[in-house]
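S.K.: What would the 3D arrangement of this be:
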Amino acid sequence: MIRITFFENPQDTAGTTIEAEAGVSVMKAAIAADIEGVAADCGGTLSCATCHVMVRAPWTDQLPPMTDDEDSMLDYAASPREGNSRLSCQLVLTDELDGMEIDLPATQY
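M.R.: Numbers count the residues shown, from 1 in each chain. Presented below is the predicted three-dimensional model:
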């Protein structure tokens, strides 16, 4: 199982840690674990930005490159986009991401 910790704001040192299997998107793992900061209105079809998250270093370097579609959709995120912003529906869990830390935006709407 892969562990992911979600933080409600970047200053948090204690977050909510969940476990998920490899091959599942961060979005689906968050929804299954009732992480309130991930709305995922489109269900992962890359047609909204309500699964916007910010991935903490050093995990950002281990993620696949952002596609043009993800990059464009992040322009519609309700919370300001940051350098480490990603759409959690586009992040598929691998064993290398075990321990990943993610900040949740202030709002998805």
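
S.K.: For the residue nearest to the spatial centre of the chain, what are phi and psi?
M.R.: Taking C-alpha atoms, centre = their mean, the centroid of the chain lies closest to S88, which sits 3.5 Å from it. When read as degrees, to the nearest 10, the backbone of S88 gives phi -70, psi -20.

S.K.: Contact partners for it?
M.R.: Contact analysis of S88 by C-beta atoms under 8 Å, 6 or more residues apart in numbering lists S25, V26, M27, A30, V38, A40, C51, H52, V53, I102. The way it works is simple: take the backbone N, C-alpha and C, and place the C-beta from them, glycine included.

S.K.: and with 6 Å instead?
M.R.: V26, M27, V38, C51, V53 (C-beta atoms under 6 Å, 6 or more residues apart in numbering).

S.K.: end to end, how far does stretch 23-43 reach?
M.R.: 16 Å (C-alpha to C-alpha, to the nearest Å).

S.K.: Now it: average pLDDT?
M.R.: The pLDDT scores in stretch 23-43 average 96.

S.K.: Where do the strands of the protein begin and end?
M.R.: Listed in chain order, the strands of the chain (DSSP state E) span 2-7, 16-20, 52-55, 85-87, 100-103.

S.K.: Out of the ones you listed, which gets nearest to L93?
M.R.: Closest of those to L93 is strand 2-7, at 4.8 Å (criterion: C-beta to C-beta).

S.K.: roughly how far apart are the closest residue to G99 other than its chain neighbours and M27?
M.R.: Distance criterion C-beta to C-beta, 6 or more residues apart in numbering; nearest residue to G99, sequence neighbours excluded, is R3 at 5.6 Å. Relative to M27, R3 is positioned 16 Å away (C-beta to C-beta, to the nearest Å).
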